[in-house]
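Trainee: Got a sequence here, can you build the structure:
(one chain, ligands or ions: 1)
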Amino acid sequence: MTSRNQQLFELSQKIIPGGVNSPVRAFKSVGGNPVFFQRGQGAHVWDVDGKSYIDYVGSWGPLILGHAHPDVVKSVQKTSENGLTFGAPTEAELEIAELICKLVPSIEQVRLVSSGTEAGMSAIRLARGFTGRNKIIKFEGCYHGHDDSLLVKAGSGALTFGNPSSAGVPQEIAGHTIVLDFNDAAGVEETFKQIGKEIAAVIVEPVAGNMNLITPKPGFLETLRSLCTQHGSVLIFDEVMTGFRVGLECAQGVYQIQPDLTTLGKVIGGGMPMAAFGGRRDIMQCLAPVGAVYQAGTLSGNPVAVAAGLTTLKLIQEPGFYENLSDTTRQLTDGLTTCAQKHGIDFCAQSIGGMFGLYFSKNIPASFAEVMACDKNGFNRFFHAMLDKGIYFAPSAFEAGFVSTTHGSKEINETLSAAENIFAAW
Ligand SMILES: N[C@H](C=O)CCC(=O)O
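Mentor: Got it, this is the predicted structure:
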């Protein structure tokens with residue numbers, strides 16, 4: 001008898017390309033069929049066949065408070081009773097904008113949008129409008145959404161499927177994007193030496209989370225900061241993933257670097273479609289209706305999404321929030337590392353705040369090339385064995401994982417004991 005999961009996937013493929021609404025969901029690189037989820041509560045999700053899983057994907061990052069947090073759900077219910085969208089200013093969007101500016105010191109002004117992709121593409125257009133230049137620098141394996149300029153040697157699903165530069169992007173557009181190596185400060189220095197005056201912006205995930213997880217080497221982000229300052233280029237931190245995920249001041253607070261612009265998403269929407277970009281007032285003032293850089297959105301600042309985001313941003317300010325989240329995440333990564341190494345498996349893991357990376361390799365990778373050298377088949381085998389045991393990691397060796405405040409010792413111990421069984425029989 002076929003499972004409901006299988007039936008739904010067969011039907012979906014007939015009517016939705018690949019059966020999914022975002023390619024990373026398709027399990028294509030790990031093999032097998034994607035899981036159709038029916039509900040989630042706290043750290044757990046249930047599929048359409050009634051099987052439960054401990055969830056380390058958390059909808060790819062937004063669910064820092066776990067699934068269906070009662071306060072977030074309540075705020076969404078209450079707000080929606082007053083109307084779903086106005087396409088006009090609301091008091092709540094001012095409140096969340098003020099809160100973002102208060103929590104992230106580099107953000108003097110902010111604009112709300114509906115997705116990380118929109119935030120990234122808007123930030124790039126703004127940087128180009130502000131500087132009057134066209135070229136941008138990005139790093140191989142970093143993913144900033146699926147805007148044309150940024151879909152060049154990108155991470156995430158693009159990398160997962162081995163097609164990091166998309167068809168359909170005109171060469172005239174891709175040609176303005178210079179792709180360099182993450183953590184290679186010398187390469188960036190050399191490029192600035194040659195064409196510094198032409199560079200509108202450097203965009204970077206301060207912690208790269210779309211090619212597994214790579215932390216910045218000491219000095220890398222500092223070099224980007226000083227080169228951009230020296231050459232009048234705009235430094236953009238893509239904190240869609242790291243924003244309020246690695247700490248209350250985001251990754252820029254952890255590494256003490258102030259970018260000129262920041263993109264945010266995921267956590268700031270509390271599970272609803274909301275994102276933002278913001279930064280230096282003089283740059284943000286170039287946006288229409290004040291300045292000449294056009295950017296817009298019918299559902300931007302949607303009141304229901306804002307309500308979920310506001311509730312989430314209030315809860316993450318509780319004392320000890322990030323200490324506890326980091327501890328739980330570290331218990332997971334330390335536990336998995338100890339367990340694998342006890343059985344002689346080349347595996348390691350690391351975490352920062354509530355995000356983590358798992359690597360089938362002797363050492364923690366520090367570059368795109370090192371991530372690519374990890375044992376992808378080992379990851380795929382581990383992924384499926386864990387899935388069987390009811391542990392849901394991201395279905396790709398090139399995505400970070402996420403822990404929520406609803407993951408506790410019970411979930412971590414259950415995960416570690418599943419891993420122990422798998423690694424013992426490896
Ligand atoms: N890594 C991606 C976003 O951050 C995963 C989400 C997606 O592409 O659907």
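
Trainee: In this protein, what residue lies closest to the ligand?
Mentor: Here the residue of the chain nearest the ligand is residue 22; by CB to the nearest ligand atom that distance is 3.2 Å. Every C-beta, even on glycine, is put in place using the N, C-alpha and C of the backbone.

Trainee: and that residue, what does it touch?
Mentor: Going by CB atoms under 8 Å, 6 or more residues apart in numbering, residue 22 touches residue 157.

Trainee: Mind doing that once more with 10 Å?
Mentor: Residue 22 sits next to 60, 146, 156, 157 when contact means CB atoms under 10 Å, 6 or more residues apart in numbering.

Trainee: Also near the ligand: which of these, exactly?
Mentor: 60, 156, 157 (CB under 6 Å from any ligand atom).

Trainee: before we move on, back to that, would you point out the most distant pair within the contacts of residue 22?
Mentor: 60 and 146 (13.8 Å; CB to CB).

Trainee: Break down the stretch 151-300 of the chain into its helices, ranges please.
Mentor: 156-160, 171-174, 185-195, 220-231, 250-255, 281-284 (DSSP state H, counting those that start in this stretch).

Trainee: distance of residue 124 from residue 265?
Mentor: Separation of residue 124 from residue 265 (CB to CB, to the nearest Å): 15 Å.

Trainee: circling back to that earlier point, which of the ones next to the ligand among the contacts of residue 22 sits closest to residue 324?
Mentor: residue 60 (21.9 Å).

Trainee: Spell out which parts of the chain neighbour the ligand.
Mentor: Contact residues, the chain versus the ligand (CB under 6 Å from any ligand atom): 22, 24, 60, 143, 156, 157, 210, 241, 399.

Trainee: In contact with the last one, which residues?
Mentor: For residue 399, the contacting residues are 24, 57, 60-61, 143, 155-157, 159-160, 209-213, 241, 357-358, 393, by CB under 10 Å, 6+ apart.

Trainee: Run through the stretch 51-200 of the chain and note the low-pLDDT ranges.
Mentor: 161-162 (pLDDT under 70).

Trainee: And for the closest residue to residue 90 other than its chain neighbours, the neighbour number?
Mentor: Among residues not flanking residue 90 along the chain, residue 303 sits closest, at 5.3 Å (CB to CB, 6 or more residues apart in numbering). Using other CB atoms under 10 Å, residue 303 has 21 neighbouring residues.

Trainee: what's near enough to touch residue 303?
Mentor: If you count contacts by CB under 10 Å, 6+ apart, then residue 303 has 76, 79-80, 82-86, 88, 90-93 around it.

Trainee: ok, which stretches of the protein are strands?
Mentor: In the chain, the strands defined using DSSP state E lie at 37-41, 44-47, 52-55, 109-113, 135-139, 177-180, 199-204, 234-239, 261-264, 275-279, 348-352, 355-359, 391-392, 401-402.

Trainee: can you list those strands in CSV and add distance to residue 246 and mean neighbour count?
Mentor: Output for the strands of the chain, formatted as CSV (distance: least, CB to CB, whole Å; neighbours: other CB atoms under 10 Å):
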stretch, distance to residue 246, mean neighbour count
strand 37-41, 23, 15
strand 44-47, 23, 20
strand 52-55, 19, 21
strand 109-113, 19, 23
strand 135-139, 18, 25
strand 177-180, 23, 20
strand 199-204, 14, 26
strand 234-239, 9, 29
strand 261-264, 12, 29
strand 275-279, 17, 28
strand 348-352, 5, 22
strand 355-359, 6, 26
strand 391-392, 22, 21
strand 401-402, 11, 28
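
Trainee: Now do the contacts for residue 398.
Mentor: 24, 29, 141, 143, 155-161, 164, 209-213, 357, 368, 371-372, 374, 376, 379.

Trainee: Buried members of these into ChimeraX, please.
Mentor: Applied in ChimeraX, the following selects the buried portion of these according to 16 or more other CB atoms under 10 Å:
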select :24,29,141,143,155,156,157,158,159,160,164,209,210,211,212,213,357,368,371,372,374,376,379
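
Trainee: Now residue 45: closest residue in space, sequence neighbours ignored.
Mentor: residue 55 (4.6 Å).

Trainee: who does that neighbour bridge with?
Mentor: Counting by DSSP bridges, residue 55 forms beta bridges with residue 392.

Trainee: Tell me which residue is most central in this structure.
Mentor: For the chain, residue 241 is the residue whose C-alpha lies nearest the centre (CA atoms, centre = their mean; 2.8 Å).

Trainee: Surely that one touches residue 394?
Mentor: No - if you go by CB atoms under 10 Å, residue 241 and residue 394 don't touch, sitting 11.9 Å apart.

Trainee: what's the overlap in contacts for these two?
Mentor: Counting by CB under 10 Å, 6+ apart, the shared contacts of residue 241 and residue 394 are 60, 61, 156, 400, 402.

Trainee: Take these and write them to CSV, including distance to residue 325.
Mentor: Below are the shared contacts of residue 241 and residue 394 laid out as CSV (distance: CB to CB, whole Å):
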residue, distance to residue 325
60, 17
61, 13
156, 23
400, 14
402, 10
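
Trainee: Next, give me the two most distant ones among the residues you listed.
Mentor: 156 and 402 (14.0 Å).

Trainee: Phi, psi for the residue lying closest to residue 371 once chain neighbours are set aside please.
Mentor: Of all residues not flanking residue 371 in the chain, residue 365 sits nearest, at 4.5 Å (CB to CB, 6+ apart). When read as degrees, to the nearest 10, the backbone of residue 365 gives phi -70, psi 150.

Trainee: So what's the residue count around residue 365?
Mentor: The burial count for residue 365: 23, using other CB under 10 Å.

Trainee: Does it touch residue 375 like I think?
Mentor: No - at 11.7 Å, residue 365 does not count as touching residue 375 under the criterion of CB under 10 Å.

Trainee: picking that back up, any idea which of the strands of the chain gets closest to residue 334?
Mentor: For those, distance to residue 334 was read as CB to CB. The smallest value, 7.8 Å, belongs to strand 348-352.

Trainee: Buried deepest among the helices of the stretch 151-300 of the chain, which one?
Mentor: Mean neighbours per residue, mean count of other CB atoms under 10 Å, is largest over the helices of the stretch 151-300 of the chain for helix 156-160, with a mean of 25.

Trainee: Please state the offset of it from the chain centre?
Mentor: Mean-position distance between helix 156-160 and its chain equals 13 Å (CA atoms, centre = their mean, to the nearest Å).
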